[in-house]
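>>> whatever this is, show me its structure:
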Amino acid sequence: MITLGINAAFHDSAAALVVDGIPRAAAEEERFTRIKHAKRPVPFSAWELPFHAIDYCLAEAGITMAEVDHVAYSFDPEYFPGCFSADTDSITLPLKPAAGRREDWSSPWDGLFLAYMRNAPLQLADGVPHHLRKRLACRGLTHFRWHDVNHHLCHQASAFLAAPFEACAVMTLDGRGERASTTYGLWRDQRYVALGEVRVPHSLGILYEDVTSHLGFLNSSDEYKVMALAALGEPRHLEALREIVQLGEDGQFVIRPFDPAAVFGPARTPKSALGQVHFDIAASLQAVLEETVLGLARWLRERSGARHLAMAGGVALNCVMNARLRDAGIFDSVWVQPAAGDAGTALGAALWVDARERLTDPAAPAAKPAAEEDGILLAPRRWQMEDAYLGPGYDEAEIEALLRSAKLTYRRLDDVPGETARLLADDRIIGWFQGRMEFGPRALGARSILASPISAGMQARMNELKDREDFRPVAPAIPQDELPAWFSPAEANGGRAPFMLFIYDVLPAQADRIPAACHADRTARVQTVDARSNPVYHDLLKAFGRLTGVPVLINTSFNVRGEPVVCTPKDALDAFFTTPLDALVIGPFLLEKTPR
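This is a model prediction of the structure:
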């Protein structure tokens, strides 16, 4: 059974392909179009399907669109906010949002947008334009079944159907879905039970977006910058924010309407200088987020009775919050979907529909509505997410053909990890392009820029290379077995952090040995690497450790400012020649701007 999952609502358009319960491919549309977050002028940004990502997924699995059995769309227009009368089932089409009033939540899109959403199935069937029909290898009408799946349910499925738990509580924290901003569930005995939701306008994601804008950054894009900025400040506005964000009972919270300027003072203009006032605003926002989520988690632990927690939703990319939750001891372990943002709903939609449709045994109990206590029955899981390498990969022949056609000087490395480690030990900054691309926003050793953490000035060099703000940290990668010698708490979550979604304290005895990997508060967003999931990256870390005594490298995404992470060998060459990178290791080949 072949299931194609699609996200094309709001932002981060993506596709994922699941075959008989196992994901075969997943990728964000931005990696192919080179338009970050796949954003185009509204309303078309939200309904245009990720045709390039779909094309990749089909090609990776060696199938055509005509062979797809199910298409799962991570949005259900029937649940669109503001489209239904309060006391009837009649549909209304709001033409514009409420004028600046958070309490009067309405659709941010017009009726034309909703019509496009409802007609999305035609875009992949008879309505496919000629060039896309050819690209997707369609022949006449396709015969898939179309499934509109609730947005937050897709977030939840991307977590509990991928996490390494037989049973777990599920919490998703997002800006907005059709109606919900936060949802809770329980996965146990092959059943999913919905435990509640918080509806917009009460949204921790929207709150973080609003303050991100007040600080002069782009909302729905730069929230991670505000998280990094928080380490430099003090939560001087925490009491004021506690009046605005109020935790209730049964997993509920209320966010009172407020004017950020009245609470924090004048908004910062983009590109103006950052000062202590801005650091303190960021610290206050981060503190109230963490406090609130800890309160929600305590309720969920008691309500679900589960020992483990799986998370998704854009807010779950906040690695500082995740670490606070991990260390609170509310749950024994916490797992976060690496594609926690909206791109991950493509994977969640495909996994959910696959698990529902694989229930073919006539003797199996009938599935029941999620509101009932015993929940929705799903087929047995056949997969758990050990790594995020679901994107395109390129073999040696493809890479070398491009290098030759471009008439570039390069050489084949006999020992890729060993020779790259020597370059890094010489303080070279390396573009690293290996294997299949990561799914999700984090570079995890497939499309990365790597450098030594030993020199204190390396963080500034990396930020300058990528034209990033100087307060931005860079993340360390370390072999999994080396974690206890360098970071704490090493035992948390089974000693694994493969997706760079939790911060750790740098051990005091080691901080001076890896100054470029330490943030201002002596923490680091760590990635642990094992030999099974990424052998060449693991061997590189080990080789660097043998040369320097430090088995740690700093890693940032392989891209230039304003562009998505590189996808193809051509993207990698473009980024290499338009940045001050010293060398590029692409497959087994090395390019150097100034050879040693």
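
>>> surely Val550 touches Ser455?
No. Taking Cβ atoms under 8 Å as the definition, Val550 is not a contact partner of Ser455, at 11.0 Å. C-beta here means a position set from N, CA and C on the backbone, and glycine is covered the same way.

>>> pick out whichever of these two has more residues nearby.
Val550 (21 against 14; other Cβ atoms under 10 Å).

>>> now do the contacts for that one.
Neighbouring residues of Val550 by Cβ atoms under 8 Å, 6 or more residues apart in numbering: Ser452, Pro453, Ile454, Arg513, Ile514, Phe544.

>>> now for this protein, the helix or strand with the poorest mean pLDDT.
Across the helices and strands of the chain, mean confidence by mean pLDDT, DSSP states H and E is lowest for helix 44-47: a mean of 48.

>>> hang on, the earlier thing: which of the contacts of Val550 lies closest to Arg412?
Phe544 (20.7 Å; Cβ to Cβ).

>>> got a pLDDT number for that closest one?
Phe544 carries a pLDDT value of 98.

>>> surely it meets Glu419?
No. With contacts counted by Cβ under 8 Å, Phe544 stays clear of Glu419, the gap being 11.4 Å.

>>> quick one: Pro417 and Val68, what's the gap?
Pro417 sits 39 Å away from Val68, going by Cβ to Cβ, to the nearest Å.

>>> and those two? Which one has more around it.
Set Pro417 next to Val68 and count neighbours by other Cβ under 10 Å: Val68 wins out with 24 against 18.

>>> just to revisit the earlier point, now the element after the least confident helix or strand of the chain, going C-ward?
Moving toward the C-terminus from helix 44-47, the next helix or strand (DSSP states H and E) is helix 51-61.

>>> residue closest to the middle of the protein?
Ala339 (3.1 Å; Cα atoms, centre = their mean).

>>> return the residues in contact with that residue.
Neighbour list for Ala339: Ala14, Ala26, Ser158, Leu347, Ala388, Phe439, Gly440, Pro441 [criterion: Cβ under 8 Å, 6+ apart].

>>> ok, now Trp352?
Going by Cβ under 8 Å, 6+ apart, Trp352 touches Ala72, Val149, Leu153, Cys154, Ala157, Leu161, Leu378.

>>> what does Pro441 give?
Per Cβ under 8 Å, 6+ apart, neighbours of Pro441: Leu317, Ala339, Gly341, Ala343, Ser557.

>>> closest one to Ala8 out of those residues, please.
Of those, the one sitting nearest to Ala8 (Cβ to Cβ) turns out to be Ala343, at 10.6 Å.

>>> what's the burial count for that closest one?
Counted with other Cβ under 10 Å, residues neighbouring Ala343 total 31.

>>> next one: it from Trp486, what distance?
31 Å.

>>> could you pull out the helices for the stretch 201-350 of the chain?
Remark: helices assigned in the stretch 201-350 of the chain by DSSP state H, counting those that start in this stretch are 204-214, 223-230, 238-244, 260-264, 276-304, 319-327, 344-357.

>>> so which of those is nearest Lys466?
helix 223-230 (12.8 Å).

>>> show me what the closest one is packed up against.
Where contact means 3 or more Cβ pairs under 8 Å, 6 or more residues apart in numbering; DSSP states H and E, helix 223-230 is packed against helix 204-214, helix 276-304, helix 319-327.

>>> what about 10 Å?
Judged by 3 or more Cβ pairs under 10 Å, 6 or more residues apart in numbering; DSSP states H and E, helix 223-230 is in contact with helix 204-214, helix 276-304, helix 319-327, strand 523-525.

>>> hang on, the earlier thing: tell me which of Phe544 and Glu419 has more neighbours.
Shown here are Phe544 and Glu419; by other Cβ under 10 Å, Phe544 has more neighbours (26 against 16).

>>> tell me the secondary structure of the more buried one, please.
Using DSSP: H, G, I helix; E, B strand; the rest coil, the three-state assignment for Phe544 comes out as helix.

>>> now it: closest residue in space, sequence neighbours ignored.
Ala421 (4.3 Å; Cβ to Cβ, 6 or more residues apart in numbering).

>>> hang on, the one you found in a strand?
No. With three-state DSSP as the criterion, Ala421 is helix rather than part of a strand.

>>> that older thread, counting only strands, which of the contacts of Pro441 make the cut?
Under the assignment DSSP state E, these contribute Ser557 to strands.

>>> any stretches of the chain with poor pLDDT?
Along the chain, the parts satisfying pLDDT under 70 run over 38-47, 79-119, 126-127, 139-141, 360-373, 595-596.

>>> tell me the domain ranges of it?
With domains defined by automatic domain parsing, the chain comprises 2-154+344-375, 164-336, 396-592.

>>> end-to-end on the shortest one?
In this case it means domain 164-336. 10 Å (Cα to Cα, to the nearest Å).

>>> cool, the longest one as well?
The first residue of domain 396-592 is 18 Å away from its last residue (Cα to Cα).

>>> just to revisit the earlier point, export the contacts of Pro441 as TSV, with columns for distance to Glu78.
Below are the contacts of Pro441 laid out as TSV (distance: Cβ to Cβ, whole Å):
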residue	distance to Glu78
Leu317	28
Ala339	25
Gly341	23
Ala343	23
Ser557	37
